[in-house]
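Chemist: Just to be clear, the model below is a prediction. Sequence and coordinates:
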Amino acid sequence: MANQEIHSEYGGVVPELASRAHQQNIVPVVQQALQRANIVKKDLSAIAFTKGPGLMGSLLVGTSFAKSLAQGLSIPLIAVNHMQAHILAHFIEEDTQQKPPFPFLCLTISGGHTEIVKITDYFSMEILGSTLDDAVGEAYDKSAKILGLGYPGGPLIDKHAKNGNPYAYKFTKPKVGDLDFSFSGLKTAILYFIQREVKLNPSFVKENLDDICASIQETIVNILMDKINNAVKKTGITHVAIAGGVSANSEIRKRLKALEKTRGWTTYIPKFEYTTDNAAMIGIVGYYKYLSQSFDSNDTKATARLKVDE
Ligand SMILES: Nc1ncnc2c1ncn2[C@@H]1O[C@H](COP(=O)(O)OP(=O)(O)OP(=O)(O)O)[C@@H](O)[C@H]1O
Ligand SMILES: [Mg+2]
């Protein structure tokens, strides 16, 4: 496993640094994975890799490496859609995790995506609604930046929010379609609010950080809950999952879970370690594609933009 702490110094992911880190890490990470699984390369049945969406430089490193390894070992190649993988992370655990039955809805909330997806089979997915501008993870990260917190901002806002009053400040919810999202207006509203208050009291952020974080979180979580509620009403599907990095958020997890009692839904909340990007989620997609012998040819291309239904 490797993560890239270097980005926290820059307040966001720097694409060039990400590609270089991928280049540096890929061989040792694969060796470590084999060692930990207690197998050798020739025990492998196929090579699964992330085709997209994502940063092109990083995707190219993985794609070229996977192709060479598959060719070298004469085993099949399996291209994985990163957004499908976030959702299918719900199928990783054999026993401990309750798996969602088809059809189910998934609110995928991450650093680059915010969408409600209807899943009718492992590889049959339809986007019912998505963000028109920023992703919810970006809203968290940009709000954190305005407040002078570190990167990634989501976990930090979540942490401060736990000690704050969620009704201290009010931010208006965006007016968009029933199942669509918009977060760029919220970011601007937060920026102007903070600038205004800091003019009156330079220590405003410091003195009220927990309340500000709790109020931002309350606004975001209300938006998400409204939308998923609309989707359940529209589809009649009451099996509801969350996925993606932002699904690590404590308030989102709590509020979704509460809907089991109040609305009679069945909810699926991923284990904490399967929320942000992880290798297991790519592995599980590889597994299902392998079962259906759905392999890819060597001219498969990395694709920076790829929808969950592609
Ligand atoms: N507890 C939390 N509360 C809110 N947001 C969180 C929390 N933990 C992580 N995040 C957010 O999750 C995001 C990262 O998630 P993830 O790694 O799935 O995104 P990504 O891979 O960059 O984007 P994508 O999957 O759309 O390509 C960041 O924006 C981060 O702030
Ligand atoms: Mg991701």
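Modeler: That came through fine. Ligands and ions are numbered 1, 2, ... in the order given.
Chemist: May I ask you to name the longest helix in the protein?
Modeler: For the chain, the helix with the greatest residue count under DSSP state H is helix 204-235.
Chemist: Do you know the pLDDT at the residue nearest to residue 191 when sequence neighbours are not counted?
Modeler: Spatial nearest neighbour of residue 191, excluding adjacent residues (Cβ to Cβ, 6 or more residues apart in numbering): residue 146 at 5.4 Å. Backbone N, C-alpha and C define where each C-beta goes, glycine included. Per-residue confidence for residue 146 comes out at a pLDDT of 97.
Chemist: and whichever residue of the stretch 51-200 of the chain sits closest to ligand 1, helix, strand or coil?
Modeler: The stretch 51-200 of the chain approaches ligand 1 most closely through residue 154 (2.1 Å), counting by Cβ to the nearest ligand atom. What DSSP: H, G, I helix; E, B strand; the rest coil gives for residue 154 is helix.
Chemist: Kindly report the same for the one 5 residues further on.
Modeler: Residue 159 carries the three-state label helix when classified by three-state DSSP.
Chemist: nearest residue to the residue nearest the centre of the chain other than its sequence neighbours?
Modeler: Nearest to the mean C-alpha position of the chain, by Cα atoms, centre = their mean, lies residue 244 at 2.3 Å. Nearest residue to residue 244, sequence neighbours excluded (Cβ to Cβ, 6+ apart): residue 110, at 3.3 Å.
Chemist: Neighbours of that neighbour, how many?
Modeler: Here the count is done by other Cβ atoms under 10 Å, and residue 110 has 23 residues near it.
Chemist: give the contact list for it.
Modeler: 86, 135, 136, 137, 243, 244, 245, 246 (Cβ atoms under 8 Å, 6 or more residues apart in numbering).
Chemist: all strands for the stretch 101-250 of the chain, in order.
Modeler: Assigned by DSSP state E, counting those that start in this stretch, the stretch 101-250 of the chain shows strands spanning 104-109, 114-121, 124-130, 239-243.
Chemist: and the first one, does that touch ligand 2?
Modeler: Read that as strand 104-109. No - Strand 104-109 lies out of reach of ligand 2 by Cβ under 5 Å from the ion, never closer than 9.0 Å.
Chemist: The residue nearest to the centre of the chain reaches residue 108, doesn't it?
Modeler: Yes - the criterion here is Cβ atoms under 8 Å, and residue 244 meets it with residue 108 at 4.8 Å.
Chemist: where does the residue nearest to the centre of the chain land on pLDDT?
Modeler: 97.
Chemist: And the closest residue in space to residue 162 that isn't next to it in sequence, how far from residue 161?
Modeler: Nearest in space to residue 162, with sequence neighbours left out and distances taken as Cβ to Cβ, 6+ apart, is residue 250 at 7.0 Å. Computed as Cβ to Cβ, to the nearest Å, the residue 250 to residue 161 distance reads 8 Å.
Chemist: Brilliant, that's me finished.
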